[in-house]
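*Asks:* give me a model of this one.
(one chain, ligands or ions: 1)
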Amino acid sequence: MSESEAKLVCRSVWKIFGPHAESFMAARDTAHPITEETLQEAGLIGAVRDVNLEVREGESFVIMGLSGSGKSTLVRCMSRLIEPTSGEILFNGENLLEASAERMVQIRRHHMGMVFQHFALLPHMTVLENVAFPLEVQGLNRRSREERAAKMVDLVGLAGREGFYPRELSGGQQQRVGIARSLAVEPELWFLDEPFSALDPLIRREMQDEFLRLQSVLQKTIVFITHDFDEAIRLADRIAIMKDGAVVQIGSPEDLVLNPATDYVAEFTRSVAKAKVMRAASLMRPLNDQLPADALGPEVSLKATIAEIAPLLEQGISTLRVVDDAGQPQGLLLRDDVVAVMMRG
Ligand SMILES: Nc1ncnc2c1ncn2[C@@H]1O[C@H](COP(=O)(O)OP(=O)(O)OP(=O)(O)O)[C@@H](O)[C@H]1O
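*Replies:* The predicted structure is shown next:
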């Protein structure tokens with residue numbers, strides 16, 4: 001994919017916290033690269049280090065890393081809520097670091113949506129008013145904003161609770177209101193920074209399902225932050241793993257689990273069952289004209305995971321036909337191959 005097709009591109013993005021970070025950054029050259037030692041000597045913190053990535057139109061891009069790895073700083077740099085020390089950030093091809101403050105406000109207000117772990121709903125406003133609030137800021141008339149807000153409240157499963165106040169809602173419901181509010185402006189780029197981390201595990205799982213349902217309907221371009229690898233695997237099209245401010249690997253859940261680039265990544269992927277991330281496309285064999293049509297079981301998608309496919313093979317079916325989105329046969333999946341992956345765990 002060319003960069004022009006990407007919704008958001010980060011090129012050599014750095015964020016260094018501390019005094020005179022800019023001049024420190026400007027003084028580096030190939031003979032004097034920035035290292036942990038030189039940063040420490042200068043009393044600086046390299047929160048984001050030379051990050052290069054692109055977020056494609058319509059994908060769920062998850063940034064995963066442990067506490068302190070730089071996720072929040074990076075995502076705030078993407079919308080310039082934090083000013084990067086150096087680098088380039090392109091949104092629809094426009095270099096945000098050259099945009100005026102007014103232009104940035106306009107971009108954030110009209111094209112970006114944000115959900116944070118602890119975002120504040122306005123306590124004296126109802127659910128509907130909270131969701132409509134960003135539209136009021138945009139200057140939309142009352143009727144249009146209430147109509148749009150009601151649609152969003154419905155979308156996140158809170159229809160009937162439009163008149164409730166935040167204190168009358170559970171944590172999960174409040175988070176749904178926050179999600180509806182961030183979606184009300186119909187953002188082109190949707191940032192979610194640990195949106196479910198404060199919720200207890202059952203509700204969290206429910207919200208992840210809700211997120212997947214919403215995304216299947218809305219097809220937004222998403223940057224989602226989490227410190228939880230299982231959450232990343234469930235929600236991501238692609239994952240960027242961060243460590244000490246740098247991105248160590250970017251890939252689909254399947255790429256990361258099957259081909260971890262470093263021991264650090266392998267550490268996260270070790271406990272993930274391969275069958276959950278491995279897709280039919282990776283395991284299928286070439287189409288075989290000799291195979292009689294009645295030897296084939298049901299069709300499965302290229303994107304189906306082995307764990308999803310396995311139950312289809314329980315009734316004595318030995319071969320499945322793998323098809324693309326248009327229903328065209330692309331390969332064959334053999335029972336023995338599926339079983340082997342399941343056995344490997
Ligand atoms: N305003 C700041 N001034 C100085 N250092 C900061 C500032 N904000 C963040 N840092 C440091 O930058 C590093 C990255 O922090 P950041 O919050 O981006 O990490 P994170 O991966 O989002 O962590 P968490 O999951 O705990 O939120 C940390 O070492 C943090 O202490």
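*Asks:* around the ligand, which positions in the stretch 151-300 of the chain sit nearby?
*Replies:* Counting by CB under 6 Å from any ligand atom, the residues of the stretch 151-300 of the chain close to the ligand are H227. All C-beta atoms are positioned from the backbone trio N, CA, C, and that covers glycine.
*Asks:* in the stretch 151-300 of the chain, what residue is nearest the ligand?
*Replies:* Going by CB to the nearest ligand atom, the ligand is nearest to H227 of the stretch 151-300 of the chain, at 5.0 Å.
*Asks:* nearest residue to T262 other than its sequence neighbours?
*Replies:* V248 (5.6 Å; CB to CB, 6 or more residues apart in numbering).
*Asks:* any idea of the mean pLDDT for whichever strand or helix holds the one you found?
*Replies:* Assessed by DSSP states H and E, V248 sits inside strand 246-251. On average, the pLDDT along strand 246-251 is 97.
*Asks:* tell me the helices and strands packed up against that strand.
*Replies:* Helices and strands touching strand 246-251, by 3 or more CB pairs under 8 Å, 6 or more residues apart in numbering; DSSP states H and E, are strand 45-56, strand 238-243, helix 263-269.
*Asks:* which other helices and strands contact the second one?
*Replies:* Other helices and strands packing on strand 238-243, by 3+ CB pairs under 8 Å, 6+ apart, are strand 60-65, strand 246-251, helix 253-258, helix 263-269.
*Asks:* list the buried residues in that strand.
*Replies:* Neighbour-count burial for strand 238-243 flags 238-243 (criterion: 16 or more other CB atoms under 10 Å).
*Asks:* name the nearest residue to R145, sequence neighbours excluded.
*Replies:* Spatial nearest neighbour of R145, excluding adjacent residues (CB to CB, 6+ apart): L135 at 3.7 Å.
*Asks:* if we can go back for a sec, tell me which residues touch the residue nearest to T262, please.
*Replies:* The neighbours of V248, taking CB atoms under 8 Å, 6 or more residues apart in numbering as the test, are 241-242, 261-262, 264-265.
*Asks:* and what of A184?
*Replies:* By CB under 8 Å, 6+ apart, the contact list for A184 reads 131-132, 134-135, 145, 148-149, 152.
*Asks:* can you pick the most crowded of those residues?
*Replies:* V131 (32 neighbours; other CB atoms under 10 Å).
*Asks:* now do the helix or strand encompassing A150: which elements does it pack against?
*Replies:* Using DSSP H and E, A150 falls within helix 142-155. In terms of contacts (3+ CB pairs under 8 Å, 6+ apart), helix 142-155 is packed against helix 127-138, helix 171-184.
*Asks:* can you give the domain ranges for the protein?
*Replies:* The record's domain split for the chain, according to automatic domain parsing, is 3-122+188-272, 277-344.
*Asks:* name the element S282 belongs to?
*Replies:* Assigned by DSSP H and E, S282 falls in helix 280-283.
*Asks:* buried ones in the helix or strand harbouring I233, by neighbour count?
*Replies:* Using DSSP H and E, I233 sits in helix 229-235. Within helix 229-235, the residues that count as buried by 16+ other CB under 10 Å are 229, 231-235.
*Asks:* average pLDDT for it?
*Replies:* The average pLDDT for helix 229-235 rounds to 92.
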